[in-house]
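Participant: everything below, folded, please.
(chains A and B)
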Amino acid sequence: MTDGNNSQQLDRADTRVRHDEGISGAIREFIDRTRSGDLGMLPVLAGLVLISVVFTSLNPVFLAPNNLANLLFDASAVGFIALGIIFVLLLGEIDLSVGSMSGLASAMIGVLWVKTGLPLPLAILGAMAAGAFVGLLFGLLRNRFEMPSFVATLAGLLTLLGLQLYILGPTGSINLPFTSPLVRFGQLMILPAWLSYTLAILPGLLLIYGGIVAAKRRNEANLSSANLSVTVIKALIITAVLVFAVYYLEQGRGVPWMFAIFTLVVVCAEYALTRTKWGRSMFAIGGNAEAARRSGINVDSIRMSAFVLCSTFAALGGVFSSARLASASIQAGTGDVNLNAIAAAVIGGTSLFGGRGSAWSALLGVLVIMAISNGLTLLNLSSSLRFMITGGVLAFAVIVDSIARRSRASHGRA
Amino acid sequence: MTQTQTTRKHGDLLLKMSGVSKQFGAVTALGDIELEVHAGEVVALVGDNGAGKTTLVKVLAGVHQPTSGTIEYLGEEVTFDNPRKALEMGIATVFQDLALCENLDVVANLFLGQEISPWRLNEVEMEVRAWKLLQELAARIPSVREPIASLSGGQRQTVAIARSLVMEPEIIMLDEPTAALGVAQTAEVLNLIERVSGRGHGVILISHNMEDVRAVADRIVVLRLGRNNGVFTTENSHEELVSAITGASDNSVSRREARKLETTTD
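Facilitator: Now for the predicted structure:
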């Protein structure tokens, strides 16, 4: 295909549109997008830098490799809950019961596995099945009785908390055996160094490979394709950042398995949301449920699937946090777990108003939230202050979301 | 789709309603309606508020079922039990509120609910088909990868009409497509309607705006109080149309009917 043909490309026929080409074009487009309120990952990056600077100046331990590894352990459990929340947020719904659900799941692990002696995999499956069932109930309340999800899940919050207290009984706490694979997974298991480095290089390679394949297919279809040099630069930046992160963590304990698995699940969720009909339907319902219904999308069943996924992931997060704490107690899932998970999703860039977001926002947002929580713990602040600060951060994140949304509307972006 | 667009010639009879009535309790919303739609033809449906235009469209869209009467579609008697069936048989409707997802781009909206390869969305194929469809309609959409929120009212109407064409329907019904549009955008949508009928689709156009109707319609069907009140062409004067719509007692229809009556009784 020669350059002369480019003017006849299907998507380049309209001369009124400025098409940003090449590296300078990519930069210009990025600036345009940001100015119009499409912030993408910027708030997260800014937040992480700010947090690192502030906490490191207050206590240099914050940036120590081992502390960061700890942070990643902590982040995975809450991360799963945040990932679940994203599915319901995309529909413009909310689930306030995820904290209680995670607490109930960890209590179930304690009771089913330690007390009753059920095999561990069965106990985990049982906890997740309970999550799926609770999600099904929320979906039913929303679809059948048109109960606002806010109220339904608020009722769920209390009910599930009660159930958690009930099954734990008067002792209130069950210790998980320290030598068990679950606790080792939650506290000790680290990826071998070679695997960490391989996984750090992989995304960049996949990005370049995907870019080449996509460009080839688009060229064959007579469509313009993204400039390959931009893709390569992106891939190089990502690879550099990841390799440095792995190198830095390897100075201490290394990369936790728990975090690797969480990242893998996020990648799968991102694929499902962006590349399948189901994901497209999720965004459509979040944008305009009536339009989705008229296009023949089964709104009820998609909504049901979101609630089921949300509660199931919350249960999985509960299992992970019980592994992390080596106990199932009445404390699990209470306090700031709910808010941390919702705040993580919003800070990561998933809108509370539905129709906007990505699975990545769980990963990025949870890093910010857990960094704050970790830093405050290092400073030996009481939980009263921690609650207030986390609450303030959540409010700030929602304000940014709101302002960015208004700006996008006035700039003609969704 | 069992029928292909290419086998049909302009002027073939697509749809014939005869004696169709629809009652809501004691109220007769439609009574003895006769309507024909041919391939490549724009039929305008006009009438005052409450004349039954929307009810008629909803009967054809499968939202309401007629109380009596028959609908012949492609030479066979049919019933449209639900909206999905009407759509599958090839009758597409563009409602007044366009029902587009503003957060999704043009391609996603065009193929919403009919995505190509559901487990691994074929974005390239969908984008190519979107561009081809829009080019066929000579639609002025700057980029199909922009979210709907960034488009003007006329462009949104264009996307809504193009979306109804993705399934290659035989008939497309437009409910007040120019109601909220400015002069230039209205002209754009009217051009679009002509091109849609030029592709061989039958078009049923509902509008309050006589200018628009006279600009594109081949036949103008007037409804009044749920009944046919004459079929006009663009050759009829504006006054004739208006009096048929408002039911002024001394109008051309009644005069012509009276004359016919006189000649037959003589």
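Participant: what does the stretch 151-300 of chain A put close to chain B?
Facilitator: Within the stretch 151-300 of chain A, the positions near chain B by CB under 8 Å from any CB of the partner chain are A:214, A:217-218, A:221-223, A:275-278, A:280-281, A:283-284, A:286-288, A:290-292, A:294-297. All C-beta spots, glycine's among them, are computed from the backbone N, C-alpha and C.
Participant: out of those residues, which sit inside helices?
Facilitator: Under the assignment DSSP state H, those contribute A:214, A:217-218, A:275, A:277-278, A:280-281, A:283-284, A:286-287, A:290-292, A:294 to helices.
Participant: could you flag which of these are buried?
Facilitator: A:214, A:218, A:275, A:277-278, A:280-281, A:283-284, A:286-287, A:291-292, A:294 (16 or more other CB atoms under 10 Å in any protein chain shown).
Participant: make JSON lines out of the residues you listed and add pLDDT.
Facilitator: Formatted as JSON lines, these follow (pLDDT from 0 to 100):
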{"residue": "A:Ala214", "pLDDT": "89"}
{"residue": "A:Arg218", "pLDDT": "89"}
{"residue": "A:Arg275", "pLDDT": "93"}
{"residue": "A:Lys277", "pLDDT": "95"}
{"residue": "A:Trp278", "pLDDT": "96"}
{"residue": "A:Arg280", "pLDDT": "95"}
{"residue": "A:Ser281", "pLDDT": "95"}
{"residue": "A:Phe283", "pLDDT": "96"}
{"residue": "A:Ala284", "pLDDT": "95"}
{"residue": "A:Gly286", "pLDDT": "95"}
{"residue": "A:Gly287", "pLDDT": "93"}
{"residue": "A:Ala291", "pLDDT": "87"}
{"residue": "A:Ala292", "pLDDT": "89"}
{"residue": "A:Arg294", "pLDDT": "81"}
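Participant: model confidence at A:Leu339, what's the number?
Facilitator: pLDDT for A:Leu339: 87.
Participant: next up, the contacts around it.
Facilitator: A:Thr390, A:Gly391, A:Leu394 (CB atoms under 8 Å, 6 or more residues apart in numbering or on different chains).
Participant: picking that back up, got the buried ones among the ones in helices among the residues of the stretch 151-300 of chain A next to chain B as a markdown table, with distance to B:Arg145 columns?
Facilitator: Formatted as a markdown table, those follow (distance: CB to CB, whole Å):
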| residue | distance to B:Arg145 |
| --- | --- |
| A:Ala214 | 13 |
| A:Arg218 | 12 |
| A:Arg275 | 16 |
| A:Lys277 | 19 |
| A:Trp278 | 21 |
| A:Arg280 | 14 |
| A:Ser281 | 19 |
| A:Phe283 | 15 |
| A:Ala284 | 16 |
| A:Gly286 | 19 |
| A:Gly287 | 16 |
| A:Ala291 | 19 |
| A:Ala292 | 20 |
| A:Arg294 | 23 |
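Participant: need the residues of the stretch 101-250 of chain B near chain A, please.
Facilitator: With CB under 8 Å from any CB as the criterion, the stretch 101-250 of chain B meets chain A at residues B:101-104, B:108, B:112-115, B:118-121, B:124-125, B:127-128, B:131-132, B:135, B:140-145, B:147-151.
Participant: same thing but at 6 Å, please
Facilitator: Within reach of chain A by CB under 6 Å from any CB of the partner chain, the stretch 101-250 of chain B has these residues: B:101-104, B:112-113, B:115, B:118-119, B:121, B:124, B:128, B:131, B:142-143, B:147, B:149-150.
Participant: now the buried members of these.
Facilitator: B:101-104, B:112-113, B:115, B:121, B:124, B:128, B:131, B:142-143, B:147, B:149-150.
Participant: just give the number of residues close to A:Ser24.
Facilitator: Residues near A:Ser24, counting by other CB atoms under 10 Å in any protein chain shown, number 10.
Participant: meant to ask about A:Gly131, not that
Facilitator: Residues near A:Gly131, counting by other CB under 10 Å, number 30.
Participant: A:Ile167 now?
Facilitator: Residues lying near A:Ile167 (other CB under 10 Å) number 16.
Participant: so where does it fall, helix or strand?
Facilitator: Taking DSSP states H and E as the definition, A:Ile167 sits inside helix A:149-168.
Participant: and the buried ones among the contacts of A:Leu339, selectable in ChimeraX?
Facilitator: Buried residues within the contacts of A:Leu339, by 16+ other CB under 10 Å, are selected in ChimeraX with:
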select /A:390,394
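Participant: nearest to A:Ser322, of the buried ones among the ones in helices among the residues of the stretch 151-300 of chain A next to chain B?
Facilitator: The shortest gap between A:Ser322 and any of those belongs to A:Trp278, at 30.3 Å (CB to CB).
Participant: how far is the lengthiest helix in chain B from where the chain is centred?
Facilitator: When every helix of chain B is counted residue by residue (DSSP H), the longest turns out to be helix B:183-198. Between the centre of helix B:183-198 and the centre of its chain there are 13 Å (CA atoms, centre = their mean, to the nearest Å).
Participant: and if you look at stretch A:271-288?
Facilitator: The answer for stretch A:271-288 is 16 Å, by CA atoms, centre = their mean.
Participant: neighbouring contacts of it?
Facilitator: Contacts with stretch A:271-288, where a contact means CB atoms under 6 Å, 6 or more residues apart in numbering or on different chains, come from A:90-92, A:292, A:297, A:299, A:302, A:354-355, A:359, B:101-104, B:112, B:115, B:118-119, B:121.
Participant: A:Gln187: neighbour count?
Facilitator: Neighbour count for A:Gln187, taken as other CB under 10 Å: 16.
Participant: got it, and A:Gly204?
Facilitator: Applying other CB under 10 Å, we find 21 other residues in the vicinity of A:Gly204.
Participant: skip the chain neighbours and tell me the closest residue to it.
Facilitator: Distances taken as CB to CB, 6 or more residues apart in numbering or on different chains place A:Thr239 nearest to A:Gly204, at 3.5 Å, with adjacent residues excluded.
Participant: what of A:Gly333?
Facilitator: Per CB to CB, 6+ apart, closest to A:Gly333 is A:Gly103, 2.4 Å.
Participant: any low-confidence regions in the stretch 151-266 of chain B?
Facilitator: Within the stretch 151-266 of chain B, the stretches with pLDDT under 70 are B:249-258, B:261, B:264-266.
Participant: what's the next secondary structure element after the longest helix of chain B?
Facilitator: Assigned by DSSP H and E, the successor of helix B:183-198 is strand B:202-206.
Participant: and the buried ones among the ones in helices among the residues of the stretch 151-300 of chain A next to chain B, which is closest to A:Arg35?
Facilitator: A:Gly287 (22.8 Å).
Participant: now A:Leu339: how far from chain B?
Facilitator: As defined by CB to the nearest CB, to the nearest Å, A:Leu339 lies at a distance of 26 Å from chain B.
Participant: need the strands for the chain, in chain order.
Facilitator: Went with chain A since none was named. Taking DSSP state E as the criterion, chain A contains strands spanning A:173-175, A:327-329.
Participant: switch to chain B, that's the one I care about
Facilitator: So, for chain B - with DSSP E - the strands run B:13-24, B:27-38, B:42-46, B:68-73, B:76-78, B:91-94, B:171-175, B:202-206, B:219-224, B:227-232.
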